[in-house]
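# here's my sequence, what's the structure:
(chains A and B)
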Amino acid sequence: MNPEGPRSAAVLPTAGPRAADARASHHDLDRVWSPPEGLYGWLTTTSHTQIGRRFIVTAFIFFLLGGILAALMRLQLSHAESGFLSPDRYNQIFTMHGVTMMFLFAVPIMEGFGIYLIPLMVGTRNLAFPRLNSFGYFTYLIGGILLYAALLLDIGPDAGWFAYLPLAGPEFSPGHRMDFYAEIITFLEISALVGAVEIIVTVFKLRAPGMTLNRMPLFVWALLVTSFMIVFAMPSVEMASAYLILERLAGTHFFDPAAGGDPMLWQHAFWFFGHPEVYIIFIPATGMVASIVVTFSQRQMFGYPAVILALITTGFVGFGLWVHHMFATGLPSLGMSFFAAASMMIAIPSGIQVFCWIATLWTGRPRLRVPLWFVLGFVFLFVMGGLTGVMLGAVPFNLQVHDTYFVVAHFHYVLIGGAVFPLFGGFYYWFPKMTGRMLNERLGLWNFWLMFIGFNVTFFPMHELGFRGMPRRVYTYLESTGWEPLNLLASCGAAVLAVGVLLFVINVLWSRARGQAAGDNPWGADTLEWTTTSPPPNYNFHFQPVVTDRYPGWTRGPDSPVVVGLKDDAHEVLVTTTLDAVPDHRTTFPPHSIWPFLTAVAVAVIFFGLIFTPWAIPAGAVLAMAMLILWFWPKHHVLHRGHEEDAP
Amino acid sequence: MISRNMDVSGLPDHAFSHHSLTWWGVLGFIVVESTFFGVLVATYLYGIGRAAEWPPAGVAPPTLLWGTLNAGIMVLSCWPNLRYKRAAERMDGPACRRWLLVAVGFGAAFLAIRALEITALDIRWDDHFYGSIVWAILGFHTLHIVADFTECVVLAFIAWTKPLSPHHFADFSDDAVYWYFVIAMWLPLYGLIYLVPRAL
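Numbers count the residues shown, from 1 in each chain, chains lettered A, B, ... in the order given. Next up, the predicted model:
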């Protein structure tokens, strides 16, 4: 079925690729698609590989900062009644650890991988809306820097990453700490939302001809589902944090029971985002796992349609779980039963995926390289976290361990096991594509085993600490509680984990300069990004490929069909139809621009100013509007050229 | 295997409606913003669910006049908006210039009436939960009118001062789609703020 059919009549078979070679020029493509040099180039680039890499590097730096905060907490808790950190400092540190890992690390790094990989995987030249992509990066960067500036100035948020009311409200959190939280969260999520829209439109409209939906790589499917989840989940937390801004700045009563409000409203709005958030982090990780499993077992994915259906099901059911974060709030028991059932149901699609990965490995010829080690570690840890998750889904059990270290253990197994391990596997897997060099295998194995052992030594004892009643978010404990030995053990494990991460950093720095040259497709992988050079040129592919099956990396040769007739001297890309990827029309992307950066600054002025005065809204809105108008102001010569060529 | 390259040089270099990337982008942001409105609506209903009286004792629902008038004018404006979109899609420059001015006029009318609507409220945002959510809904929707009104003014300026290309016409067409969204959003919100408290 192709409702957009008639247009495809314009597509004609032509001579072989050699004839096509003559028509295209690397030189022209390179000139057109290369960003400008220097600082100006850094601020204005719209290249998805540059911006994607930047998202990944920035998010990884925030991961290290969040890790340092975690290490400080482990130092403080390693023995009873420690005076290393003051309670006030500890509150800021555990809040910023959570905010960093969820908002500044996990979501941006997954979107960063999507931004880098998706145009390559679907065989196009750039992400849809490249300037918006640049804007998204700068909002993220500015937001993150502002939050850390606040922490260093001793005005970091201190009411937990979920900022429950009334603690986070004007009465119990005077001063500007929680203003920073509310403003920056609202601001930061703009970045996630624009990234999601870019990814959805790229996947729907920019796929290479022939890449029908049922030939799309699983990583692309995973990011597509994730992006839809972001679109429906993030507005909830943004609206909630906007209410919190208004509550603190303008004296509204959304959360004030004395004036008809309700602090539970915050919890509903927050967790309506907060639970899907877990899947927003986990689903891209499963996409990475699928890529690695297929490549390293050298066979087609077992149950490709079942995996896609499982991803989509997870996307839907993920929205029906939020109340399981609120079992201790006294909701009606029928509601709790519903959410308990949904919480257990989500184990089904996750289980299907795990079985399909295992079946693929089982029936393939697995090669045990570092990316696959991380995937195996992931399967083990994620199953552990999933099991405690099912336990926590049962209301009576949940009430027993509510707010204890059992919960801390559970979600670190799910998040580190379920997302950070695949992510490290993904780093090892795609690093050769991004840099042209392999990461060192021996260091990689040390990296994996230290992280795996360190992780388990850190977090496994926390299950037991939870059973023994140790509450979360306490800055210290008495010796008589008997919690000290297990805490010391956890802190030692954290040190091992930190050494593992350090080895990774060393590996990256060393291999970037001296690693073994990778070549185009060092792993023998199946997806399109491996059919171009490593690192890819600024225009990704000399000719856009024409896809004829699900595994183009394995089936394409030098004579495989390509797209010809796109202009080499303009940012021209081919737009295809949504379902069947039939060529539809050509479109020209805008060139690099400074306005997305300046717009991000203007929007930051609004939100930063709002910490201090409501007048920031009109002042900043005028500024932001002006930037947007300049951003979209038509450049005459570009349009003129397009106009001329329109004449039939 | 005989290689069959695809020559796409004969394909058009612009597109309208669901063919175009911008249309999908606009749709994406419409979905995002609808979710924002959804959270506002959910908050309002949550308030009703918790309150013994809605609106709180001694408070009247907002007077019907201005909100109803605005809803009526918005529905009426769908017709010129449709003409505007169609003119854009057949790349009729003079018609687009005219209909853009009409769109600017309607935008100004929405804003003027909205100003009257807000000044006619006898509650403040810091009075109680009810006041907070009514102001939040009106404010958030007004923000959308202001944004699209500004866009229309800029587009009208471009249309009247610059030679038009197919890319402009695609922008006009997407602008018309966004107006539909702003209008379509007001109808349920109008029902929620003006009619639901009277029906309770």
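# for the helix or strand hosting A:Phe424, packing partners?
Element membership of A:Phe424, judged by DSSP states H and E, is helix A:421-435. Packing partners of helix A:421-435 (3 or more CB pairs under 8 Å, 6 or more residues apart in numbering or on different chains; DSSP states H and E): helix A:107-121, helix A:263-297, helix A:370-393, helix A:441-467, helix A:484-514. (C-beta placed from N, C-alpha, C; glycine too.)
# apply 10 Å and report the result again.
helix A:48-77, helix A:107-121, helix A:263-297, helix A:370-393, helix A:441-467, helix A:484-514 (3 or more CB pairs under 10 Å, 6 or more residues apart in numbering or on different chains; DSSP states H and E).
# out of those, nearest to chain B?
Among the helices and strands packed on helix A:421-435, helix A:263-297 comes nearest to chain B, with 5.9 Å by CB to the nearest CB.
# if we can go back for a sec, relative to B:Trp66, which of the helices and strands packed on helix A:421-435 is closest?
With respect to B:Trp66, and counting by CB to CB, the nearest of the helices and strands packed on helix A:421-435 is helix A:263-297 at 28.6 Å.
# near chain B at all, that closest one?
Yes: Helix A:263-297 is in contact with chain B by CB under 10 Å from any CB of the partner chain, via A:Met264, A:Leu265, A:His268, A:Ala269, A:Phe272, A:Phe273.
# which of the helices and strands packed on helix A:421-435 sits most buried?
helix A:107-121 (a mean of 27; mean count of other CB atoms under 10 Å in any protein chain shown).
# average model confidence for that one?
Mean per-residue pLDDT for helix A:107-121: 96.
# does chain B sit close to the helix or strand following that helix?
With elements assigned by DSSP H and E, the helix or strand that comes after helix A:107-121 is helix A:130-152. Yes: remark: helix A:130-152 sits within contact range of chain B at A:Leu132, by CB under 10 Å from any CB.
# can I get helix A:130-152 as CSV, trimmed to CA atoms?
Output of helix A:130-152 as CSV, limited to C-alpha atoms (Å, rounded to 0.1, in the frame of the first residue of the first chain):
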residue,chain,number,x,y,z
PRO,A,130,19.5,20.3,12.2
ARG,A,131,19.4,23.7,13.7
LEU,A,132,16.9,22.6,16.3
ASN,A,133,19.4,19.9,17.1
SER,A,134,22.0,22.5,17.8
PHE,A,135,19.5,24.5,20.0
GLY,A,136,18.8,21.3,21.9
TYR,A,137,22.4,20.7,22.7
PHE,A,138,23.0,24.2,24.0
THR,A,139,19.9,24.2,26.2
TYR,A,140,21.2,21.0,27.7
LEU,A,141,24.8,22.3,28.2
ILE,A,142,23.7,25.6,29.7
GLY,A,143,21.2,23.9,32.0
GLY,A,144,23.8,21.4,33.3
ILE,A,145,26.4,24.1,33.9
LEU,A,146,23.9,26.3,35.8
LEU,A,147,23.0,23.3,38.1
TYR,A,148,26.6,22.6,38.9
ALA,A,149,27.4,26.2,39.4
ALA,A,150,24.6,26.3,42.0
LEU,A,151,26.0,23.2,43.7
LEU,A,152,29.5,24.7,43.9
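# what residues does the stretch 451-600 of chain A put near chain B?
Residues of the stretch 451-600 of chain A lying near chain B (CB under 10 Å from any CB): A:543-544, A:546, A:548, A:557-567, A:570, A:572-578, A:583-589.
# can you rerun that using 7 Å?
A:546, A:559-566, A:574-575, A:583-588 (CB under 7 Å from any CB of the partner chain).
# strands - which of these land there?
Counting by DSSP state E, these place A:Val563, A:Val564, A:Leu574, A:Val575, A:Pro583, A:Asp584, A:His585, A:Arg586, A:Thr587, A:Thr588 in strands.
# which intervals of the chain have sub-threshold pLDDT?
Since you didn't name a chain, this refers to chain A. A:1-25, A:635-648 (pLDDT under 70).
# not quite, go with chain B.
Ranges of chain B meeting pLDDT under 70: B:1-3.
# ranges for the strands of it?
Going by DSSP E, chain B shows strands at B:5-7.
# longest single helix anywhere in it?
Longest helix in chain B, counting residues (DSSP state H): helix B:129-161.
# can you give me how far that one is from the chain middle?
Relative to the centre of its chain, helix B:129-161 is centred 8 Å away, using CA atoms, centre = their mean, to the nearest Å.
# hmm, back to that, nearest to B:Asp122, of the helices and strands packed on helix A:421-435?
The nearest among the helices and strands packed on helix A:421-435, by CB to CB, is helix A:263-297 at 24.4 Å.
# so which elements touch the next helix or strand after the closest one?
As assigned by DSSP H and E, the chain's next helix or strand after helix A:263-297 is helix A:304-317. Applying 3 or more CB pairs under 7 Å, 6 or more residues apart in numbering or on different chains; DSSP states H and E, one finds that helix A:304-317 makes contact with helix A:218-249, helix A:263-297, helix A:347-363.
# can I get helix A:304-317 in CSV? Just the C-alpha atoms.
Presented in CSV, the C-alpha positions along helix A:304-317 are these (Å, rounded to 0.1, in the frame of the first residue of the first chain):
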residue,chain,number,x,y,z
TYR,A,304,12.7,-9.7,15.1
PRO,A,305,8.9,-8.9,15.0
ALA,A,306,8.5,-10.2,18.5
VAL,A,307,11.2,-7.9,19.7
ILE,A,308,9.6,-4.9,18.0
LEU,A,309,6.2,-5.7,19.5
ALA,A,310,7.9,-6.1,22.9
LEU,A,311,9.5,-2.7,22.6
ILE,A,312,6.1,-1.1,21.7
THR,A,313,4.3,-2.9,24.4
THR,A,314,6.9,-1.8,26.9
GLY,A,315,6.4,1.8,25.7
PHE,A,316,2.7,1.6,26.4
VAL,A,317,2.7,-0.4,29.7
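# next SSE downstream of it?
That would be, after helix A:304-317 and using DSSP H and E, helix A:333-345.
# and chain B, is that following helix touching that?
No: using CB under 7 Å from any CB, helix A:333-345 stays clear of chain B, coming no nearer than 12.6 Å.
# quick one: the spatially most central residue of chain A and B:Phe36, what's the gap?
The structure's chain A has its C-alpha centroid closest to A:Met110; by CA atoms, centre = their mean the separation is 2.3 Å. Look at A:Met110 and B:Phe36: by CB to CB, to the nearest Å, they are 23 Å apart.
# grab the nearest non-local neighbour of residue 137.
Looking at chain A here, since you left the chain open. A:Ile51 (5.2 Å; CB to CB, 6 or more residues apart in numbering or on different chains).
# wrong one, chain B
B:Leu40 (5.1 Å).
# give the contact list for residue 55.
Let's take chain A. For A:Phe55, the contacting residues are A:Pro108, A:Ile109, A:Glu111, A:Gly112, A:Ile115, A:Tyr137, by CB atoms under 7 Å, 6 or more residues apart in numbering or on different chains.
# let's do chain B instead
With CB under 7 Å, 6+ apart, B:Pro55 has these contacts: B:Pro61, B:Tyr130, B:Pro197.
# what does the closest residue to the second one other than its chain neighbours show for phi and psi?
If you skip the residues right next to it in sequence, B:Tyr130 has B:Pro55 as its closest partner in space, 5.0 Å away by CB to CB, 6+ apart. With angles defined as degrees, to the nearest 10, B:Pro55 sits at phi -60, psi 170.
# please report the distance of B:Pro55 from B:Ala71.
20 Å.
# for the residue in the stretch 451-600 of chain A that chain B sits nearest to, give me phi and psi.
Relative to chain B, the nearest point of the stretch 451-600 of chain A is A:Gly565 (3.1 Å; CB to the nearest CB). A:Gly565 adopts backbone torsions of phi 100, psi 0, taken as degrees, to the nearest 10.
# quick check: closest non-adjacent residue to it.
The nearest residue in space to A:Gly565 (CB to CB, 6+ apart) is B:Ser9, at 3.1 Å.
# for the one you found, what are phi and psi?
According to degrees, to the nearest 10, B:Ser9 has phi -70, psi -20.
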